[in-house]
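Enquirer: turn this into a model:
(one chain, ligands or ions: 1)
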Amino acid sequence: MEYKELNSKNNIPALGFGTWQLKPIKEAYNSVASALEKGYRHIDTAHIYFNEGSVGKAVQDSKIKREDIFITTKLWNWDHKKVEEAYQKSLKKLKVDYIDLYLIHFPVSKTRIDAWKAMETIYKEKRVKSIGVSNFTIKHLEELMSKTDIVPAVNQVEFHPFLYQKDLLDFCNKHGIALEAYSPLSHGKRLDDHTLQDIASAHKKTVAQVMIRWSLQHGNIVIPKSRNPGRIKQNFEVFDFELSEIEMTSINSLNENYRTCWDPTDTV
Ligand SMILES: NC(=O)c1ccc[n+]([C@@H]2O[C@H](COP(=O)([O-])OP(=O)(O)OC[C@H]3O[C@@H](n4cnc5c(N)ncnc54)[C@H](OP(=O)(O)O)[C@@H]3O)[C@@H](O)[C@H]2O)c1
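Expert: Sure thing, here's the model as predicted:
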């Protein structure tokens, strides 16, 4: 497993396990248990996934030491004015006494700056290891950095070969913000692409593994999700091959600004 150092000086496993749409209780519990058993040590959840309880139970039952598992959860849009209360609820559901990474889930207009200041307080009191944002554009990040003290450790955004957000990645690199790639498999929608299929067969790998590898080689933190034990294992086996510069360039050129999730670009 590769780790990346965040600007908070905490280390994050570069490959994590996504949990959106894993239903509580059984499906989320079993999938997270399977991921931990296969070696994942980084789990990404959110209040709005309604599965923090199942994630917490799977982590607890794994008997893996708390400090060896990196847990991310997110502040939901309706909680921007009650951050402390929302944080406490997430801690309780996850059955932990700190979160490794707490993110603003979406850059809600008008409330995001005050929500961030409340998160800064939790961070300054050392009750959360790192704080970050999600779905922030360059404009949102510039505004945040001009009005608050702490530069986000992470910006978690949709990022895959069909949504290669190069400008945002360059901006994040310049400011020491780690880019975390969500929906790295294009939410499963573009696994039939011929360029990716050819590159995958050349490496005796799958298209999913090539998509994850491409993102890792861009320096991203990557969080694929699966409910299937075989695919959970497959998505973890991405550290035994490397894409060439030519292959990277060819995958970069697949970009078509294709979004599978929400689009924050018009959020003022
Ligand atoms: N911050 C945000 O706003 C935000 C938004 C979206 C996602 N996220 C995070 O990012 C994580 C990943 O994104 P995502 O869940 O949207 O999509 P994803 O990881 O890009 O793709 C998941 C889809 O691909 C399928 N899949 C997984 N591995 C596969 C493989 N090896 N071969 C073929 N198909 C495979 C899955 O089906 P099976 O489950 O049946 O395998 C599922 O349909 C989420 O779970 C969540 O934690 C965050």
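Enquirer: can you name the residue of this protein nearest the ligand?
Expert: Gly18 (2.4 Å; Cβ to the nearest ligand atom). Where you see a C-beta, it was placed from the backbone N, CA and C, and this is true even at glycine.
Enquirer: strands of the chain, start to end?
Expert: 3-5, 11-13, 17-18, 42-44, 70-75, 99-104, 128-134, 154-158, 178-182, 221-222 (DSSP state E).
Enquirer: redo those strands as a markdown table? Include mean neighbour count and distance to Glu52.
Expert: Shown next, in a markdown table, are the strands of the chain (neighbours: other Cβ atoms under 10 Å; distance: least, Cβ to Cβ, whole Å):
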| stretch | mean neighbour count | distance to Glu52 |
| --- | --- | --- |
| strand 3-5 | 14 | 24 |
| strand 11-13 | 20 | 19 |
| strand 17-18 | 26 | 14 |
| strand 42-44 | 25 | 10 |
| strand 70-75 | 26 | 6 |
| strand 99-104 | 26 | 10 |
| strand 128-134 | 23 | 15 |
| strand 154-158 | 25 | 16 |
| strand 178-182 | 25 | 17 |
| strand 221-222 | 28 | 20 |
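Enquirer: output these as JSON lines; include the columns mean pLDDT.
Expert: Shown next, in JSON lines, are the strands of the chain (pLDDT from 0 to 100):
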{"stretch": "strand 3-5", "mean pLDDT": "98"}
{"stretch": "strand 11-13", "mean pLDDT": "98"}
{"stretch": "strand 17-18", "mean pLDDT": "98"}
{"stretch": "strand 42-44", "mean pLDDT": "99"}
{"stretch": "strand 70-75", "mean pLDDT": "99"}
{"stretch": "strand 99-104", "mean pLDDT": "98"}
{"stretch": "strand 128-134", "mean pLDDT": "99"}
{"stretch": "strand 154-158", "mean pLDDT": "98"}
{"stretch": "strand 178-182", "mean pLDDT": "98"}
{"stretch": "strand 221-222", "mean pLDDT": "98"}
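Enquirer: got CSV for the ones you listed, with distance to Thr111 too?
Expert: As requested, the strands of the chain are exported to CSV (distance: least, Cβ to Cβ, whole Å):
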stretch, distance to Thr111
strand 3-5, 29
strand 11-13, 27
strand 17-18, 26
strand 42-44, 23
strand 70-75, 10
strand 99-104, 9
strand 128-134, 13
strand 154-158, 18
strand 178-182, 22
strand 221-222, 26
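Enquirer: who wins for proximity to Phe236 among these?
Expert: Nearest to Phe236 among the strands of the chain is strand 17-18; the distance by Cβ to Cβ comes to 8.6 Å.
Enquirer: show me what the closest one is packed up against.
Expert: Here strand 17-18 touches helix 26-38, strand 42-44, going by 3 or more Cβ pairs under 8 Å, 6 or more residues apart in numbering; DSSP states H and E.
Enquirer: with adjacent residues omitted, what lies nearest to Thr148?
Expert: Excluding the flanking residues, the one nearest Thr148 by Cβ to Cβ, 6 or more residues apart in numbering is Trp116, at 5.4 Å.
Enquirer: thinking again about what came up before, please work out which of the helices and strands packed on strand 17-18 is packed deepest.
Expert: Counting by mean count of other Cβ atoms under 10 Å, strand 42-44 has the highest mean neighbour count of the helices and strands packed on strand 17-18, with a mean of 25.
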